[in-house]
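K.L.:
Using only what follows, build the 3D model:
(one chain, ligands or ions: 1)
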Amino acid sequence: MAGIYLHIPFCKQACTYCNFHFTTSLRYKDELVLALAEEIKAEKDYLGGEEVRTIYFGGGTPSLLSISDLGFLISALRQQFPLADGAEITLEANPDDINTEKLQGWKTIGITRLSIGVQSFFEEELRWMNRAHNSQQAIGNLQLAREVFENITMDLIYGSPLLTDEMWKQNVDKAIGLGIPHLSCYALTVEEKTPLQKRIDAQTTPDIDNDKQARQFLLLMHWLREAGYEHYEVSNFAKPGFRSRHNSSYWKGAKYLGLGPSAHSFNGKERRWNIANNTVYIKGINEGKPERETEVLTSTQHLNETLMISLRTSEGIDLNKISTTWGEEEQLRIQNGLKKYIGHDLIRLQNNHAQLTDEGMLRADGIAADLFV
Ligand code: SF4
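P.N.:
As a prediction, this is how the structure comes out:
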């Protein structure tokens, strides 16, 4: 069970809150696609021959690539990797890139799932975020997408200064009403060196209200549960049968290969990441000397990562697995660390799995860090 991620580092414009690796210049797009195809060939053995069950085009904005570029990359992957029958192939798409012709094209080249970056249905919020689409495009093109793809996820952001609880309810209701079977909902975070951070520092926009954010997250869990979505990871909700197989395999510790600038890979023992610079990435690949860094995971790092990732999922931390992989002493240490959270109703124990309660979800990363070695 392995996955492949391709990072497409191009966007039409810079969203105010974003700190992903991307550029708004499309100057090296063709060179980048060719470099990706070279990297696919060069890394054909990275996953040790394991069957590839998921491919994910992320970014950036992969929907900016032409159908023929995307098809070319999928064919290159098929030539070098054993792709499972019925593999999940996800494309991140922005609402303004969606039209009937593209939807049909994506389907024809083998895309099976769309991840659509909606973020909000409110015009004023979209402008505040500097998104490239408007509300009408979001609604109209989601409807179009539903006619061609069954498996669709969309992103929503909560906790922005403009978003009232009533607006948040309308955003979530709209997504449910459009029949979107998977939602990824993220709290707005202020990342270093983003336009948002600069605006907050200059006091031209209000800072994040953490209490409002927490409240909107609790409301979200309640609304989506009522609407029949499974809350299977802190930020992810799915109707039965629509969980993201790609992300789920990350959370289960499966191997994955990341291709493209800034992409991360994990082969079970080491983690590595490509340089986050398009021209340096292209040059390195073309010269057969990829620019990347590698870190061999120690047993402690592996345990800490397992705690962080598994606690965020609905399955929670499997204490039996901790014992078989890291020893009984580690399991006992973690069990002791969990006691105070169980006492405060932030964690519950079920079949020897430590799972977050709704309130616990608000503190997932802090609790995990507290359990670290
Ligand atoms: S479209 Fe996505 S990757 Fe591009 S700037 Fe906006 S949030 Fe970032």
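K.L.:
Against which helices or strands is the helix or strand hosting Tyr5 packed?
P.N.:
Tyr5 is part of strand 2-8, with elements assigned from DSSP states H and E. Judged by 3 or more Cβ pairs under 8 Å, 6 or more residues apart in numbering; DSSP states H and E, strand 2-8 is in contact with strand 52-59, helix 245-251, strand 255-259. Yep, even glycine has a C-beta here, placed from its N, CA and C like the rest.
K.L.:
would CSV of these with distance to Ala214 be doable?
P.N.:
Putting the helices and strands packed on strand 2-8 into CSV (distance: least, Cβ to Cβ, whole Å) gives the following:
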stretch, distance to Ala214
strand 52-59, 28
helix 245-251, 23
strand 255-259, 32
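K.L.:
Indicate which one of those is closest to Arg333.
P.N.:
Nearest to Arg333, of all the helices and strands packed on strand 2-8, is helix 245-251, at 22.5 Å by Cβ to Cβ.
K.L.:
Can you tell me what sits against that closest one?
P.N.:
1-3, 5, 53-56, 88, 90, 232-233, 236, 256, 309-310, 312-313 (Cβ atoms under 8 Å, 6 or more residues apart in numbering).
K.L.:
picking up where we left off before, quick one: which of the helices and strands packed on strand 2-8 has the weakest pLDDT on average?
P.N.:
Ranked by mean pLDDT, those bottom out at helix 245-251, with a mean of 93.
K.L.:
before we move on, the earlier item: so what strands line up beside the strand holding Tyr5?
P.N.:
strand 52-59 (parallel), strand 255-259 (parallel) (DSSP bridges).
K.L.:
gap between the spatially most central residue of the chain and Ile334?
P.N.:
Nearest to the geometric centre of the chain sits Asn247, at 6.9 Å (Cα atoms, centre = their mean). Using Cβ to Cβ, to the nearest Å, Asn247 is found at 24 Å from Ile334.
K.L.:
ditto for His264
P.N.:
26 Å.
K.L.:
what do you get for Glu50?
P.N.:
If you go by Cβ to Cβ, the gap between Glu50 and Ile334 works out to 29 Å.
K.L.:
Likewise for Lys193?
P.N.:
Counting by Cβ to Cβ - Lys193 and Ile334 are separated by 36 Å.
K.L.:
Comparing those two, which residue is more hemmed in?
P.N.:
Ile334 (20 against 8; other Cβ atoms under 10 Å).
K.L.:
Name all residues that make contact with that one.
P.N.:
With Cβ under 8 Å, 6+ apart, Ile334 has these contacts: 307, 317, 319, 322, 354, 371.
K.L.:
same thing but 10 Å
P.N.:
Neighbouring residues of Ile334 by Cβ atoms under 10 Å, 6 or more residues apart in numbering: 303, 307, 317, 319, 322-323, 326, 354, 371-373.
K.L.:
Mind checking which of those residues are buried?
P.N.:
Taking 16 or more other Cβ atoms under 10 Å as the criterion, what is buried in the contacts of Ile334 is 303, 307, 317, 319, 322-323, 326, 354, 371.
K.L.:
For the stretch 251-373 of the chain, which segments count as helices?
P.N.:
Along the stretch 251-373 of the chain, counting by DSSP state H, counting those that start in this stretch, helices occupy 278-286, 299-311, 319-326, 328-343, 358-361, 364-371.
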